[in-house]
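K.L.:
next comes the sequence, and after it the predicted model I'd like to discuss.
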Amino acid sequence: MNKPRLGMIMVLVVSLVIGVLAGLVFLSLFKSQVSPATLSEFTKATSPVTFIGTGIGFGLVIAAWTMLVAWLAPRFRGKGSDKLA
């Protein structure tokens with residue numbers, strides 16, 4: 001597997017892990033702040049799916065943003081800038 005493809009896969013996996021962890025953090029905040037008496041059975045059943053699904057979407061946005069920045073970064077370098085690598 002070539003390096004750019006491996007890098008994109010790593011960015012996607014790490015971003016999805018960050019998104020799922022963010023979803024789990026917000027789910028725990030939701031459960032700690034909302035009393036169980038005010039929640040319906042539907043809300044209790046669907047809130048984990050909603051928060052983790054939103055976290056996955058957040059991870060995809062992070063991955064897309066990262067790949068866009070990596071793709072655009074060489075276009076904004078100056079003509080006379082020093083090459084570090």
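P.N.:
Thanks, I have it. In this text the structure is predicted, and so the values were computed from the model without any measurement. Numbering: from 1, shown residues only.

K.L.:
which residues in the chain form helices?
P.N.:
3-33, 41-72 (DSSP state H).

K.L.:
where in the chain is pLDDT low?
P.N.:
Along the chain, segments meeting pLDDT under 70 span 80-85.

K.L.:
same thing but 90
P.N.:
1-5, 7, 36-37, 44, 70-85 (pLDDT under 90).

K.L.:
returning to what we had before: could I get the helices of the chain as JSON lines with mean neighbour count and distance to Lys79?
P.N.:
(Glycine included, C-beta is placed from N, CA and C.) Output for those, formatted as JSON lines (neighbours: other CB atoms under 10 Å; distance: least, CB to CB, whole Å):
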{"stretch": "helix 3-33", "mean neighbour count": "14", "distance to Lys79": "24"}
{"stretch": "helix 41-72", "mean neighbour count": "14", "distance to Lys79": "17"}
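
K.L.:
tabulate those (TSV), appending distance to Gly78.
P.N.:
As requested, those are exported to TSV (distance: least, CB to CB, whole Å):
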stretch	distance to Gly78
helix 3-33	24
helix 41-72	15
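
K.L.:
which residues touch stretch 49-63?
P.N.:
Under the contact criterion CB atoms under 8 Å, 6 or more residues apart in numbering, stretch 49-63 has outside partners 11-12, 15-24, 26-27, 30.

K.L.:
ditto for stretch 17-28
P.N.:
Contacts of stretch 17-28 (CB under 8 Å, 6+ apart): 47-48, 51-60, 62.

K.L.:
7 Å - rerun?
P.N.:
Stretch 17-28 has contacts (CB atoms under 7 Å, 6 or more residues apart in numbering) with Ser47, Pro48, Phe51, Ile52, Thr54, Gly55, Ile56, Phe58, Gly59, Ile62.
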